[in-house]
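[1] No sequence on hand, only this structure:
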């Protein structure tokens, strides 16, 4: 933590030295569950540095396609595996990856609805079988939680039974389907559940079948603002970020 604080102070301090004459406009691409955290942390960075940051959000798969098609960016937040692939392709600066946080998968119901028991794997399976409709991110859209849930259903031997009542979400928030009544039960990353007043978190998946998505940041190989991008990543892993992660349903995940 002390190292993170010193790093943050150093890089933002360096950025402040040139703020008046060389304020940068950065583009940050962020995947899924980290968007709300990014938006909450940006004001501190922008106020300290004088730089401005625009944010574009999509699934990891969609971001990979956009970057492959030539979309420019200064910083990208996604899974470490995806970042390493981009670094190998020369699209992210080698050695710039910084792990930020991890988030587990949880189950939600509409606010006011009865909460099913999901405390054990067997209880979770029963909740899925009892639910009239179930929503999660469409795996074809590239969302990490949807890909995991699809494989989990197969592993639990429930894929065929659940498929007729699936309400797949094409990116965005599964909570939208649960809140509107299109799905009785929703499965998504916990940080994508907590911000929505219309749904209630039942709880995380049982530890035996829990899956964590790690989010990491990297600097675009084509950036013209490498120092500002480095300062932005430091702010996303600094003391304010550490305090915010828990309230967002995330856990710190340092390198």
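    Nice, I can see it. Computed from a predicted structure; not experimentally measured.

[2] can you give me the strands for the chain?
    Listed from the start of the chain, the chain has strands (DSSP state E) covering 25-31, 52-58, 75-78, 98-103, 105-110, 134-135, 185-189, 199-204, 213-219, 251-252.

[3] any chance of those in CSV, plus mean pLDDT?
    Shown next, in CSV, are the strands of the chain (pLDDT from 0 to 100):
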stretch, mean pLDDT
strand 25-31, 96
strand 52-58, 95
strand 75-78, 96
strand 98-103, 93
strand 105-110, 98
strand 134-135, 98
strand 185-189, 96
strand 199-204, 97
strand 213-219, 94
strand 251-252, 82
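
[4] from what I can see residue 121 touches residue 210, true?
    No - using C-beta atoms under 8 Å, residue 121 makes no contact with residue 210, being 10.4 Å away. All C-beta atoms are positioned from the backbone trio N, CA, C, and that covers glycine.

[5] buried set for stretch 204-218?
    205, 211, 213-218 (16 or more other C-beta atoms under 10 Å).

[6] At which residues are the helices of the stretch 1-150 of the chain located?
    Using DSSP state H, counting those that start in this stretch, the helices assigned to the stretch 1-150 of the chain run over residues 2-17, 19-22, 35-49, 60-68, 80-88, 121-130, 144-155.

[7] Would you mark the buried spots in the fourth one?
    Right, the one you point to is helix 60-68. Buried residues in helix 60-68 (16+ other C-beta under 10 Å): 60-64, 67.

[8] which sections of the stretch 151-255 of the chain are below the confidence cut-off?
    254-255 (pLDDT under 70).

[9] quick one, helices of it?
    159-162, 174-180, 226-235, 239-247.

[10] As CSV, those helices with distance to residue 76 and mean neighbour count would be great.
    Below are the helices of the stretch 151-255 of the chain laid out as CSV (distance: least, C-beta to C-beta, whole Å; neighbours: other C-beta atoms under 10 Å):
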stretch, distance to residue 76, mean neighbour count
helix 159-162, 32, 14
helix 174-180, 23, 22
helix 226-235, 10, 24
helix 239-247, 17, 15
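
[11] Figure out which of these is closest to residue 34.
    Set against residue 34 and scored by C-beta to C-beta, the helices of the stretch 151-255 of the chain come closest in helix 239-247, at 10.1 Å.

[12] Walk me through the domains of the protein.
    Domain assignment for the chain by automatic domain parsing gives 2-102+215-252, 105-209.

[13] Format the strands of the chain as JSON lines; extra columns: distance to residue 229.
    Converted to JSON lines, the strands of the chain look like this (distance: least, C-beta to C-beta, whole Å):
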{"stretch": "strand 25-31", "distance to residue 229": "6"}
{"stretch": "strand 52-58", "distance to residue 229": "10"}
{"stretch": "strand 75-78", "distance to residue 229": "5"}
{"stretch": "strand 98-103", "distance to residue 229": "11"}
{"stretch": "strand 105-110", "distance to residue 229": "30"}
{"stretch": "strand 134-135", "distance to residue 229": "36"}
{"stretch": "strand 185-189", "distance to residue 229": "25"}
{"stretch": "strand 199-204", "distance to residue 229": "33"}
{"stretch": "strand 213-219", "distance to residue 229": "5"}
{"stretch": "strand 251-252", "distance to residue 229": "21"}
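
[14] Of all those strands, which one is nearest residue 147?
    Closest among the strands of the chain, using C-beta to C-beta: strand 213-219, at 10.0 Å.
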